[in-house]
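Asker: Return atomic coordinates for the entry below.
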Amino acid sequence: MKRNVPTLLFLIFLLSAVKAQDYHTGLGLRASVSPGISVKHFFTTNMAGEGILTVRWGGFNATGLAEWHLPVFDTEGFYFFYGGGAHLGVWDSGRDYYGSTKDGTNLFLGVDGIIGLEYAFLDIPLSIGLDWKPGMNIISDFGFFFDDLAISLRYLFR
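Answerer: Coordinates of the predicted model:
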């Protein structure tokens with residue numbers, strides 16, 4: 001058993017070095033009804049964390065997501081991803097959105113899902129992605145938001 005431990009540790013190290021995506025970290029812009037900036041970093045073979053800072057309704061929002069990536073169509077650099085996370089932000093509740101009648105600045109907290117496709121170009125350090133990120137506010141102005149369809153462009157650090 002003691003002889004198998006180094007072999008097992010070596011195999012785990014090798015497997016953790018393999019990336020589903022062709023980059024380690026990407027930083028870029030996200031164009032949607034909530035435009036902003038996005039950073040994605042791969043932690044394991046196919047699992048990444050994404051941080052998104054956006055603006056909307058006279059406020060801002062910070063979102064953190066865990067995402068799992070799977071190859072698509074046996075095409076190198078092309079991936080399907082899905083995941084979930086949470087958001088926290090503030091907005092001007094005096095604005096008219098989804099029937100809100102509150103006045104003043106509001107703090108909100110909620111949960112998000114995400115599903116999308118991403119292509120990392122092989123010859124240049126750039127990726128392009130299309131995703132849908134529905135969300136639900138659970139604290140302050142409870143509600144569902146299904147309109148966050150986005151295109152992301154990221155510079156890649158390989």
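Asker: Only C-alpha atoms from now on, for both contacts and neighbour counts.
Answerer: Noted.
Asker: Now do the strands in the protein.
Answerer: Taking DSSP state E as the criterion, the chain contains strands spanning 25-31, 36-42, 47-56, 59-71, 78-92, 105-120, 126-132, 135-139, 143-145, 149-157.
Asker: Who does the second one pair with, and is each partner parallel or antiparallel?
Answerer: Yep, that's strand 36-42 we're talking about. Counting by DSSP bridges, the strands paired with strand 36-42 are strand 25-31 (antiparallel), strand 47-56 (antiparallel).
Asker: out of the ones you listed, which comes closest to residue 62?
Answerer: Nearest to residue 62 among the strands paired with strand 36-42 is strand 47-56; the distance by CA to CA comes to 4.7 Å.
Asker: Measure how the closest one sits relative to strand 78-92, angle-wise.
Answerer: Orientation of strand 47-56 against strand 78-92 (axes from the mean of the first three to the mean of the last three CA atoms, to 10 degrees) gives an angle of 40 degrees.
Asker: mind listing what the residue sitting nearest the centre point of the chain touches?
Answerer: Nearest to the geometric centre of the chain sits residue 50, at 3.9 Å (CA atoms, centre = their mean). If you count contacts by CA atoms under 8 Å, 6 or more residues apart in numbering, residue 50 has them with 38-41, 64-67.
Asker: One more: residue 70?
Answerer: When contacts are counted by CA under 8 Å, 6+ apart, residue 70 touches 20, 46, 79-81.
Asker: Kindly report the same for residue 121.
Answerer: 77, 127.
Asker: Excluding residues flanking it in the chain, which one is nearest the residue nearest to the centre of the chain?
Answerer: In this structure, residue 50 finds its nearest non-sequential neighbour in residue 40, 4.3 Å apart by CA to CA, 6 or more residues apart in numbering.
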